[in-house]
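Peer 1: Predicted model and sequence follow; I will ask about them next.
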Amino acid sequence: MRLADLDYVLPPELVAQEPPAERTDARLLVLDRETGLLRHAGIADLPRLLCPDDLLVLNDTRVIPGRVRGRRPSGGRLELLLVRPLGEEGEWEALVRGTPRAGERVHLPEGHGEWVAALGDGRWRLRVAVEGPVLAWLERVGEVPLPPYLTRPGGPTAADRERYQTVYARVPGAVAAPTAGLHFTPALLAALADAGIETRMLTLHVGPGTFQPVRADTFEAHVMAPETYAVPPETAERVNAARAAGRRIVAVGTTTVRALEAAGAEGRLHAGPGEAALFIRPGHRFRMIDALITNFHLPRSPLLALVAALAGWDHVRAAYDEAVRRRYRFYSFGDAMLIT
């Protein structure tokens, strides 16, 4: 498979700029990865589309409002995205537009910072000085870091703090939502439980590297930035028991897949923390999942490569062509696929 095979044509008007009125209003394109057969359904149909003994695994990471607007000592504007805390207290990895210098101060809302060192690719080590914990400060002054393809006027809104977050988000640390999970509601989760479908949680903090396009000449040359994850002991126990019993493991989102495949590389899911740096692409042998619920992804993205690895690019390409013909909504606030 060539990198160019991950291209497809998407009319700009199909990029969803707003979430649906209700989370479960999203459409669902069902793809059988063995036959390529396609069916049209809705997210609300999941309790009847999944099997009664399936085990559904979801990512409970919580998006932090990490986008902050600052100023250089000269008065020049800076836009920062705080990605994750580093080892030293008050130090964070930050993406920044502009050209700061080590030792230079930056004026921040209700505080200040100092650039410590460049980390490469627009990433910097930033020492933040604010009153109280940095996460609490971000909740007061930060903005939701919406993806750049959301080009609506005015930028993020107050509603985005709720809608660009899963209803089960629990552990702060992501710079982007695990978007397949945005479709779920407490009522849908209850309906799945009533249908005999078990759900379990893990955490993978989505980082900016997830969305970086594959710019290398070959798949092998592309390097994924590591993302931290944690698998609770009860999740590992239930997943391993389900696999031993021949039950299907259904991942909600590519982020869940990366955590499961990283923590279960030997075919058995291990509990505890870790770092996922897998670039899952065609040729990957899946050891931990059987089915996937996922949104539609950008061309040449690692996420699309993962979907192609699971279902085969010919089937995925046909599904995307069908989704375009049927005017499905794409990307974060868009519709979804169920790959069985």
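Peer 2: Sure thing, it's come through. A quick note: this is a predicted structure, and the numbers were derived from the prediction, not measured.

Peer 1: So residue 213 lies in a strand, does it not?
Peer 2: No - according to DSSP: H, G, I helix; E, B strand; the rest coil, residue 213 belongs to no strand; its state is coil.

Peer 1: The spatially closest residue to it that is not a sequence neighbour: neighbour count?
Peer 2: Sequence neighbours aside, residue 300 is the residue nearest to residue 213 in space, at 4.6 Å (criterion: C-beta to C-beta, 6 or more residues apart in numbering). Backbone N, C-alpha and C define where each C-beta goes, glycine included. Residue 300: 18 surrounding residues under other C-beta atoms under 10 Å.

Peer 1: Also residue 126?
Peer 2: By the criterion of other C-beta under 10 Å, residue 126 has 27 neighbours.

Peer 1: rewinding a little: could you check how far the residue nearest to residue 213 is from residue 2?
Peer 2: 11 Å (C-beta to C-beta, to the nearest Å).

Peer 1: Going along the chain, name the strands of the stretch 151-300 of the chain.
Peer 2: Secondary structure of the stretch 151-300 of the chain by DSSP state E, counting those that start in this stretch: the strands cover 171-174, 198-204, 227-231, 249-252, 272-276, 291-295.

Peer 1: Ok, which of those strands comes nearest residue 77?
Peer 2: strand 171-174 (25.5 Å; C-beta to C-beta).

Peer 1: What mean pLDDT does that closest one get?
Peer 2: Mean per-residue pLDDT for strand 171-174: 96.

Peer 1: which other residues reach that strand?
Peer 2: 60-64, 84, 135, 203, 205-207, 228, 230 (C-beta atoms under 8 Å, 6 or more residues apart in numbering).

Peer 1: so which of these comes closest to residue 314?
Peer 2: residue 206 (28.4 Å).

Peer 1: What does the pLDDT read for the closest one?
Peer 2: Reported pLDDT for residue 206: 94.

Peer 1: Same question for the one 3 residues further on.
Peer 2: Per-residue confidence for residue 209 comes out at a pLDDT of 73.

Peer 1: Would you mind measuring from it to residue 9?
Peer 2: Counting by C-beta to C-beta - residue 209 and residue 9 are separated by 26 Å.

Peer 1: could you measure the residue sitting furthest away from the middle of the chain against residue 97, distance?
Peer 2: Centroid-distance maximum for the chain: residue 74 at 36.4 Å, with C-alpha atoms, centre = their mean. Counting by C-beta to C-beta, the separation of residue 74 from residue 97 is 15 Å.

Peer 1: in which helix or strand would I find the nearest residue to residue 40 once chain neighbours are set aside?
Peer 2: Distances taken as C-beta to C-beta, 6+ apart place residue 29 nearest to residue 40, at 6.4 Å, with adjacent residues excluded. Assigning secondary structure by DSSP states H and E places residue 29 in strand 27-31.

Peer 1: how much does that strand deviate in direction from strand 291-295?
Peer 2: Here the directions of strand 27-31 and strand 291-295 differ by 140 degrees (axes from the mean of the first three to the mean of the last three C-alpha atoms, to 10 degrees).

Peer 1: List the buried residues of whichever strand or helix holds residue 129.
Peer 2: In the assignment (DSSP H and E), residue 129 maps to strand 123-130. Neighbour counts over strand 123-130 (16 or more other C-beta atoms under 10 Å) mark 123, 124, 125, 126, 127, 128, 130 as buried.

Peer 1: can you put these in TSV and add distance to residue 199?
Peer 2: Putting the buried residues of strand 123-130 into TSV (distance: C-beta to C-beta, whole Å) gives the following:
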residue	distance to residue 199
123	35
124	39
125	38
126	37
127	40
128	36
130	37
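
Peer 1: just the helices in the stretch 101-250 of the chain please.
Peer 2: Along the stretch 101-250 of the chain, the stretches classed as helices by DSSP state H, counting those that start in this stretch are 134-141, 160-163, 186-194, 233-244.

Peer 1: Output the shortest one as PDB, restricted to C-alpha atoms.
Peer 2: Coordinates of the C-alpha atoms in helix 160-163 are reproduced here as PDB (Å, rounded to 0.1, in the frame of the first residue of the first chain):
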ATOM      1  CA  ASP A 160     -18.000  23.400  23.100                       C
ATOM      2  CA  ARG A 161     -16.800  22.700  26.700                       C
ATOM      3  CA  GLU A 162     -19.700  20.300  27.000                       C
ATOM      4  CA  ARG A 163     -20.100  18.900  23.500                       C
END
